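*Asks:* Just to be clear, the model below is a prediction. Sequence and coordinates:
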Amino acid sequence: MNQREFLQTYFSVRDSLPEEMQSEFDIGFANRRKNPVHIFGFSFWLGIFGVDRFMLGQTWLGVLKLITFGGLYIWSIVDLFLVAGKARDLNAELVHEIKGDLTYTGRVSGKGT
Amino acid sequence: MEMNDYIQSVARTRERLPAEARSRFDTRFSREQKNPVIALGLSLWLGVLGADRLYVGKLGSGFAKMVVGIISLTLEFIATGELFTFELGEEGNLELLLFAFLLRIWVLVDWFNIAGMARETSRRRARAIAMDLGADIP
């Protein structure tokens, strides 16, 4: 997912919420989101150790990447192009999850609650 | 500027627009915003030539950085006889090489700042677009 699609998703879900819930939405997202810039940075410097994939919650892929030294480095290069998009995909899922939480329970679950 | 503050800020600016104007905002904003990941990527690979600053719209410091970068590359070439190597060779000039690397400090510092600069630029453009579309922004 690229940045424009993600922002669209974020704004349209936020718009669909009643005003009182919007700042809780923002806070809930801020606490749990993954920053694609950070993950890209880690991918650049520590990509061969699979750190980027660990940050994306993909432990199995991370271990695989680690033991193959970043897929003999080739995977590390490829991942430079992939990880930010994956981070945004996860953030988009989070956005929908938070909306679901707010709509059905009126609260956001997860850290910071 | 931090990611969270940035998203908040743009969301609030966008909120001030009437609902009908929002999709026009979205179209324009998605065209004009600067992606901090791209900015960092440019900074890491082409930071020496100031490409990162040019991308985030800072043309003055971008070209200045480019000039400094070209000078540092030239000095590095003179000092070692080739580029992208860390060995000095016999004809090497250590002082010149160290000076060339000194000039690269700017490149290093920008790695940490460039994403924030990209978000600031995007935020500024968001406000400008919103004002254009008639929202009242304080």
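*Replies:* Received the coordinates, thanks.
*Asks:* C-alpha coordinates for the strand or helix carrying residue A:5, CSV please?
*Replies:* Element membership for residue A:5 (DSSP states H and E) is helix A:3-16. C-alpha atoms of helix A:3-16 as CSV (Å, rounded to 0.1, in the frame of the first residue of the first chain):
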residue,chain,number,x,y,z
GLN,A,3,1.2,6.5,1.3
ARG,A,4,-1.6,8.1,-0.6
GLU,A,5,-3.8,5.0,-0.3
PHE,A,6,-3.1,4.7,3.3
LEU,A,7,-3.9,8.4,4.1
GLN,A,8,-7.1,8.0,2.1
THR,A,9,-8.0,4.9,4.2
TYR,A,10,-7.2,6.6,7.4
PHE,A,11,-9.2,9.8,6.6
SER,A,12,-12.2,8.0,5.3
VAL,A,13,-12.5,5.7,8.3
ARG,A,14,-12.0,8.6,10.6
ASP,A,15,-14.6,10.6,8.8
SER,A,16,-17.1,7.7,9.2
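*Asks:* Please point out which parts of the helix or strand following that helix sit buried.
*Replies:* On the C-terminal side of helix A:3-16, the closest following helix or strand by DSSP H and E is helix A:19-32. Buried residues in helix A:19-32, counting neighbours by 16 or more other CB atoms under 10 Å in any protein chain shown, are found at A:21-22, A:24-29, A:32. C-betas here are computed from N, CA, C, even on glycine.
*Asks:* same check, this time on stretch B:64-77
*Replies:* B:65-66, B:68-69, B:72-73, B:75-76.
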